[in-house]
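Chemist: sequence and predicted structure are below.
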Amino acid sequence: MTDEQPRKSGLRLLLDAGRPRATRAQVIGGILCGLLGFALVTQVHSTTGLGFTTARQSDLVDILDSLSARSDQLRAQIAAEQASLAKLTGGTNQTEAALEEAQQRAATLQILAGTAAATGPGIDLQITDPQHQVAADDLLEALEELRDAGAEAIQITGAAASNTAAAAATSPGPAGAAITPTAVPGASGHVVRLVANSYFVDAPDRSGVVVDGVSLVPPYDIVAIGDPHTMSTAMGIPGGVLDTLTGKGAHGTVLTHDTVQVTALHQVTAPQYARPAPSASSAG
Amino acid sequence: MIAAIALAVGVVLGVILHPTVPVGLQPYLPIAVVAALDAVFGAIRAILDGIFDDKVFVVSFIANVLVAALIVFLGDQLGVGSQLSTAVVVVLGIRIFSNAAAIRRHLFRA
């Protein structure tokens, strides 16, 4: 068909058609083309805008679905991470608590074993014995009474015995040859911390007592940490420590203090045979 | 020529005025634009074929736009709006391509 038409080039044909003429066809075509350009640009603008404004409902629902699925996934991940975080933190707290408890227990045991200095309310039992009549039994009785009354840390101070007496006293003692390091030469003599395995022996020359291998001579000074009222009452009961001392010509004085210091330390040696037995009851 | 100038004027107006598409018209405008493009390409081809008629152009332009919008509207009502608009775009795209091919053959004889 087109081949039989006069050989007019397509471009020429277009230019002919486009030549400005005030025909109705030109005007209407121009209006429609202008409308098309306007709509085109408008649509391009709205598409390059937000993106969601032109999306249809089902697309929006799809987007929302995928977003909520993703958010669920992320939320589950957060929960898992938080759980593991809580587990880790909880483990740390548990370890810290166990450590703290162990340290508290260690401090308590140190006071009980006499390896740490202690301070607190307590009494000061001063014993003057000008006639050297107070024997090891009497001091032991005083110690037992104090323990019964709830004394938690006890030390005894005595004047230093003369060298000969000390040598004579310590040689038969089970603690060994020389003066043990538990003896602290203080201003008023030697100080000995009284612990579970402390012992009292009469000095051979009856001048004093040997406590844990340390020779002490009067006057004695026993410092005990505990309830001051209970301990002073225990000392003063009829037939008790003070009465016994008075009956022997010695004199005991009980002073209660809000704060007393037990500074003497006991040297602990590791047990040679005994070992801690594994027991479930140690948890309590 | 007038048509080309009007197209340019429309584009410039759109750029300057920067109108926002009304919400009710949003799903139909892109389809309508594609349909109008199809009508324009068809008109150009008709000119080159020597069978251009202004009435046919106007009617086909408006009918294309309206039918395309109607199909999309129907699809939206039936719940297959996105699929139907895709179908309309595909069909119109094929028509635009074939028209463009005919125009190319006329202009370049190839």
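Modeler: Sure thing, it's come through.
Chemist: what's the burial count for A:Arg12?
Modeler: 10 (other C-beta atoms under 10 Å in any protein chain shown). Just so you know, the C-beta spots here come from the backbone N, C-alpha and C atoms, and that holds for glycine as well.
Chemist: helices of the stretch 51-200 of chain A, start to end?
Modeler: Under the criterion DSSP state H, counting those that start in this stretch, helices of the stretch 51-200 of chain A are mapped to A:57-113, A:136-148, A:163-170.
Chemist: no no, chain B
Modeler: Ranges of helices in chain B, per DSSP state H, are B:2-17, B:29-49, B:54-78, B:81-108.
Chemist: of all these, which one is nearest A:Pro238?
Modeler: Among these, the nearest to A:Pro238 by C-beta to C-beta is helix B:81-108 (107.4 Å).
Chemist: for chain A, tell me whether that closest one is touching it.
Modeler: Yes: using C-beta under 8 Å from any C-beta of the partner chain, helix B:81-108 reaches chain A at B:81-82, B:85, B:103, B:106-108.
Chemist: now stretch B:3-20
Modeler: Yes: Stretch B:3-20 comes into contact with chain A when judged by C-beta under 8 Å from any C-beta, the residues involved being B:3-11, B:13-15, B:18-20.
Chemist: filter those to the buried ones?
Modeler: For the residues of stretch B:3-20 next to chain A, a burial check counting by 16 or more other C-beta atoms under 10 Å in any protein chain shown picks out B:3, B:6-7, B:10-11, B:13-14.
Chemist: for the most centrally placed residue in chain B, give its distance to A:His257.
Modeler: A centroid search over chain B (C-alpha atoms, centre = their mean) returns B:Ala36, at 1.9 Å, as the residue closest to the centre. Counting by C-beta to C-beta, to the nearest Å, the separation of B:Ala36 from A:His257 is 107 Å.
Chemist: how much space between B:Val65 and chain A?
Modeler: 9 Å (C-beta to the nearest C-beta, to the nearest Å).
Chemist: and that residue, how many neighbours?
Modeler: As a burial measure, the neighbour count of B:Val65 was computed by other C-beta under 10 Å and equals 24.
Chemist: what of A:Phe200?
Modeler: A total of 21 residues lie near A:Phe200 under the criterion other C-beta under 10 Å.
Chemist: now do A:Gly114
Modeler: A:Gly114 has 25 nearby residues by other C-beta under 10 Å.
Chemist: for the one 10 residues further on, same thing?
Modeler: Look at A:Asp124: counted by other C-beta under 10 Å, it has 17 neighbours.
Chemist: quick one: contacts for residue 39?
Modeler: Chain wasn't specified; assuming chain A. Taking C-beta atoms under 8 Å, 6 or more residues apart in numbering or on different chains as the contact definition, A:Ala39 lies against B:10, B:14, B:29, B:32-33, B:36.
Chemist: that answer is for a different chain, and I need it for chain B
Modeler: Residues in contact with B:Ala39 (C-beta under 8 Å, 6+ apart) are A:32, B:57, B:60-61, B:64-65.
Chemist: what do you get for B:Leu29?
Modeler: Counting by C-beta under 8 Å, 6+ apart, B:Leu29 has contacts A:39, A:42-43, A:46, B:21.
Chemist: make JSON lines from these and add distance to A:Gln94 to it.
Modeler: JSON lines is the format used below for these (distance: C-beta to C-beta, whole Å):
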{"residue": "A:Ala39", "distance to A:Gln94": "71"}
{"residue": "A:Thr42", "distance to A:Gln94": "67"}
{"residue": "A:Gln43", "distance to A:Gln94": "65"}
{"residue": "A:Ser46", "distance to A:Gln94": "60"}
{"residue": "B:Val21", "distance to A:Gln94": "63"}
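Chemist: okay, the residues you listed in JSON lines with distance to A:Val241 and pLDDT next?
Modeler: Conversion of the contacts of B:Leu29 to JSON lines gives the following (distance: C-beta to C-beta, whole Å; pLDDT from 0 to 100):
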{"residue": "A:Ala39", "distance to A:Val241": "115", "pLDDT": "85"}
{"residue": "A:Thr42", "distance to A:Val241": "110", "pLDDT": "82"}
{"residue": "A:Gln43", "distance to A:Val241": "109", "pLDDT": "80"}
{"residue": "A:Ser46", "distance to A:Val241": "104", "pLDDT": "74"}
{"residue": "B:Val21", "distance to A:Val241": "106", "pLDDT": "76"}
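Chemist: of these, which pair is most distant in space?
Modeler: Within the contacts of B:Leu29, A:Ala39 and A:Ser46 form the most distant pair, 10.6 Å apart (C-beta to C-beta).
Chemist: beta partners for A:Val254?
Modeler: In this structure, A:Val254 has the following beta-bridge partners (DSSP bridges): A:Leu125.
Chemist: where's it relative to chain B, distance?
Modeler: Note on A:Val254: its distance to chain B, by C-beta to the nearest C-beta, is 98 Å.
Chemist: sweet, I'm off.
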